[in-house]
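Asker: Here you go, sequence then predicted model.
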Amino acid sequence: MRNFSKALIITIISVFPLLSFAQKAYKFGHFNSQEIIQAMPERDSAQVKLQKHQKALEDQLEVMQVEYNNKLQKYTEEKDKLTDLIRKDKEQELAQYQQRIQQFQENASQELRQKQEELMQPIAEKIKKAITEVGKDNGFTYIFDLATNTIQYFSSDSQDVTAMLKTKLGIKK
């Protein structure tokens, strides 16, 4: 009987740490970043600024295009009256202007992407901070963004933390 008691105590002592380890469950959460971004008021002001910047670039491009079309039309009308040297010079001038327009389009596109990144950076940082806080405050092991990850399956044990993030960010439902 004494040996049985010792064996039982040793078994309990050796199994107890395993039981406490086994009880440490991982907690997973998920959210949709697109839904969060769409709901943030900062996004609207960023979109307005981006559209204003885009409009300014489009207006400049339109001015350049109109100027090119006017030069082309004038050249077409006078082409037969010009000497070979002047005609070649005008054609070269038109080709250079067309290249300027194309270069402007490429630069404008790149500048627009940079402006969007610049405007969205504070929003992304605010969301990241909220995710970290929600994760720490609620004991999550992982929180997945469904908008950027291609998760084919997630368990019903995964908790949608979108509402918690909206609350943390001060977004009204």
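Answerer: That came through, no problem. Numbering: from 1, shown residues only.

Asker: Who are the packing partners of the top helix by length along the chain?
Answerer: Assignment by DSSP state H gives helix 84-138 as the longest helix of the chain. Judged by 3 or more Cβ pairs under 8 Å, 6 or more residues apart in numbering; DSSP states H and E, the packing partners of helix 84-138 are strand 28-31, helix 33-39, helix 41-78, strand 142-145, helix 162-169. C-betas here are computed from N, CA, C, even on glycine.

Asker: what's the first one packed up against?
Answerer: To tie it back to what came earlier, the one meant is strand 28-31. Where contact means 3+ Cβ pairs under 8 Å, 6+ apart, strand 28-31 is packed against helix 84-138, strand 142-145, strand 159-160.

Asker: thinking again about what came up before, which of the helices and strands packed on helix 84-138 is buried the deepest?
Answerer: Among the helices and strands packed on helix 84-138, the stretch with the highest mean neighbour count (mean count of other Cβ atoms under 10 Å) is strand 28-31, at a mean of 20.

Asker: Could you identify which of the helices and strands packed on strand 28-31 has the lowest mean pLDDT?
Answerer: Lowest mean pLDDT of those: strand 159-160, a mean of 77.

Asker: sorry, back to before: looking at the helices and strands packed on strand 28-31, which is nearest to residue 38?
Answerer: Distance to residue 38, taken as Cβ to Cβ, is lowest for helix 84-138 among the helices and strands packed on strand 28-31, at 11.1 Å.

Asker: Report the inter-axis angle for that closest one versus helix 162-169.
Answerer: Taking axes from the mean of the first three to the mean of the last three Cα atoms, to 10 degrees, one finds helix 84-138 and helix 162-169 inclined to each other by 100 degrees.
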